[in-house]
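> sequence and predicted model, in that order:
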Protein chains: 2
Amino acid sequence: MPRPPYCYDYPRPAVTTDICLFTVIDDELRILLIKRGNEPFKGSWALPGGFLSETETLDQCAARELKEETGVGIAHLEPFATFSDPNRDPRARVVTAAYFALTPAGDHDLHSGSDADDARWHPVRRLPKLAFDHRDIIKAGRQALVAKLDREPLALALLPPRFTLTQIQKVYEAVEGQPLDKRNFRRSILSRGWITETGDMERGRQRPAMLYRRS
Amino acid sequence: MPRPPYCYDYPRPAVTTDICLFTVIDDELRILLIKRGNEPFKGSWALPGGFLSETETLDQCAARELKEETGVGIAHLEPFATFSDPNRDPRARVVTAAYFALTPAGDHDLHSGSDADDARWHPVRRLPKLAFDHRDIIKAGRQALVAKLDREPLALALLPPRFTLTQIQKVYEAVEGQPLDKRNFRRSILSRGWITETGDMERGRQRPAMLYRRS
DNA sequence: GAGCTTAGGTGTTAGATCTACACTTAAATA
DNA sequence: TATTTAAGTGTAGATCTAACACCTAAGCTC
C-alpha cells in the first residue's frame, strides 16, 4: 500500500510511559522513585518508565518497564493521563502516557536500571526534588488513585493475598489520608462483596483476627 | 546540550488525537463522524482528529483539529484514553490520544477537511461502518461521558446558555439511555447548585417554563 | 496464674437521602 | 369556551450514612 505523504510529513515525538508505582509501608502511601544518574536532572528523583517500542502497546510498555525496575509482577496497572507539554523534556519532544500501579508492601527486588543510581520508596507526603514534570504526574496519579479506590477493589492490589480487616482499613486511611470509623468501615467494605472470610485466623500479639481474601 | 543516543535510538510512532464530539439532537445522543475520502478505509466513517504538531500539547491539538472540522468553539473537551495497538493503523505506527467533546445542538458550520467527503451527526445507537479502531474509541468515549455526567455539570455543555428543566432532563435521558422521574430529577439537579433561575420564562405552545442558566 | 496490655469484634439511633407515585395549572390553539 | 400540551409541585416508606463505647481473646510480665 502506498504511504500517503501527509501521514509522514509530521515531526514525530518520542513516546514514553511513566509509572507511579504505589505501595503502603508503615501505614503510609509511598511511591517508587529512581535517582537519575545522568543529565538532565542528574541527582534528582524520577518515575520509572521508558520508551515505547515498535511492537508493543502502551500497556505492555508500562508493564515491561516496571518489571525491569522492580522484578515483580504488579497487581494492578492502568493509565490515567498523558503529558505532552512540548518543553517537558529539555532534550527532545517527548509525549508520555502516565500509569498508576499498585503492589503489596514487601519483598521487592528493586534494582537500578542502567541510568539510575538508586531506587527507593518515598512517602508521597514528603517528596524529594523531582525531574521533569514528574511532580505534576504524581499529583495527578494520587488523585486518580483516590478517586478509584471507592469504586473498585483497588485496595486488594495493595495487600497480600490474605489480610485482616484492620489491614485493609489502614490501606484506605493511608491513601485517603484520614482516619475512618472502624464499625462503619467494616460494614461498608463487607457489603461490597469484594472480600470473603477464609476461616483462618491470624495469630499475633493479641486477640486473633479473621483473615480475608479476594472474593 | 548533547542528545544522549538512547533517547533517539527508539523508533518513533506518529501521534494523533481523535475526538468524539457529542451533541444531543432530537432527544438522541449523536456523534460527529467524517466520511473518509482516501484509503485506507475509503468510504468508511471516522472520528475527526489529526496529527500532533511540534509546538502544541495534545489538548491544543484536539482543540485545533476540532475547530478546523466544525468551525465552532467547543464547550467542553477532555482526554479519556489512549489507543496504541501497533497495528491499529495499517499505514504506520500511530498512537492516538482520544478526547471527548461536547457542544450544544444547533448551528454548526460543518465543513469537510481535505480528505473527507462529508461530515454528519450519527446517532450513537446506530453507527455506520467505522475506520480503524474508531468503534472501540467511541464505545470508551460514551462510557467516559456517562461516568462523568453524574459528577460534573457536563450536561450544561450540551445545552444553550439558557434552558428549561425539561431540556436538561432530556439531555440526561439521551446520554444515559433511560427515562428519569421528573420530580426526582428536578429535586436532584437543583440540589447540586450547578444551575440558577434566570427569572425569565420561555414562551412556547404551552404553559411557560422557567429558564435556567449555569450558576 | 493473675493482672495488664493490645488489638479484635460488635449494634443502635437519628438524620439524610433515595424512590415511587398523580394531580393541578398556565398558556396556546381550535 | 373547550381542548391540548407541557409545567410544576409533595409525601411516605425504605435505604443509607454518621456518630458513638464497650466487651473479648490472646500474649506478655511479674
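Received it, and whenever you're ready, just let me know what you need.
> where exactly do the strands run in chain A?
Counting by DSSP state E, chain A has these strands, from start to end: A:14-25, A:28-36, A:45-46, A:49-51, A:76-83, A:94-102, A:116-123, A:195-202, A:209-214.
> what's the spacing between the fourth one and its chain's center?
For strand A:49-51, the distance between its averaged C-alpha position and the chain's averaged C-alpha position is 15 Å (Cα atoms, centre = their mean, to the nearest Å).
> can stretch A:191-206 be found next to DNA strand C?
Yes. For stretch A:191-206 and DNA strand C, the contact criterion (Cβ under 7 Å from any atom of the strand) is met by A:M201, A:G204, A:R205, A:Q206. Quick note: C-beta positions are derived from backbone N, CA and C, even for glycine.
> list the contacts of the first one.
Right, the one you point to is A:M201. A:P208, A:A209, A:M210, A:L211 (Cβ atoms under 8 Å, 6 or more residues apart in numbering or on different chains).
> the last one contacts A:T164, correct?
Spelled out, that is A:L211. Yes. Proximity of A:L211 to A:T164 meets the contact threshold set by Cβ atoms under 8 Å, at 6.3 Å.
> who touches both of the two?
A:E202.
> what sits up against stretch A:135-150?
Outside stretch A:135-150, the residues touching it (Cβ under 8 Å, 6+ apart) are A:18, A:20, A:22, A:29, A:31, A:47, A:80-81, A:83, A:96, A:98, A:100, A:102, A:124, A:127, A:130, A:154-155, A:172, A:175-176.
> buried residues in that stretch?
Buried residues in stretch A:135-150, counting neighbours by 16 or more other Cβ atoms under 10 Å in any protein chain shown, are found at A:I137, A:I138, A:A140, A:G141, A:R142, A:A144, A:L145, A:K148, A:L149.
> over to stretch A:149-158?
For stretch A:149-158, by 16+ other Cβ under 10 Å, it's A:L149, A:P153, A:L154, A:A155, A:L156, A:A157, A:L158.
> can you pull the pLDDT of the second one?
So that's A:P153. On the pLDDT scale, A:P153 is placed at 97.
> how close does A:R142 sit to A:G50?
22 Å (Cβ to Cβ, to the nearest Å).
> leaving aside the residues next to it on the chain, what's closest to A:C20?
A:G141 (3.6 Å; Cβ to Cβ, 6 or more residues apart in numbering or on different chains).
> okay, the one you found and A:A101: tell me how far apart.
A:G141 is 9 Å from A:A101, by Cβ to Cβ.
> tell me the angle the longest helix seen in chain A makes with strand A:116-123.
Counting residues, the longest helix found in chain A (DSSP state H) is helix A:134-149. Relative orientation of helix A:134-149 versus strand A:116-123 (axes from the mean of the first three to the mean of the last three Cα atoms, to 10 degrees): 40 degrees.
> so is helix A:134-149 next to DNA strand D?
No. For helix A:134-149, no contact with DNA strand D is found by Cβ under 7 Å from any atom of the strand; the gap never falls below 14.7 Å.
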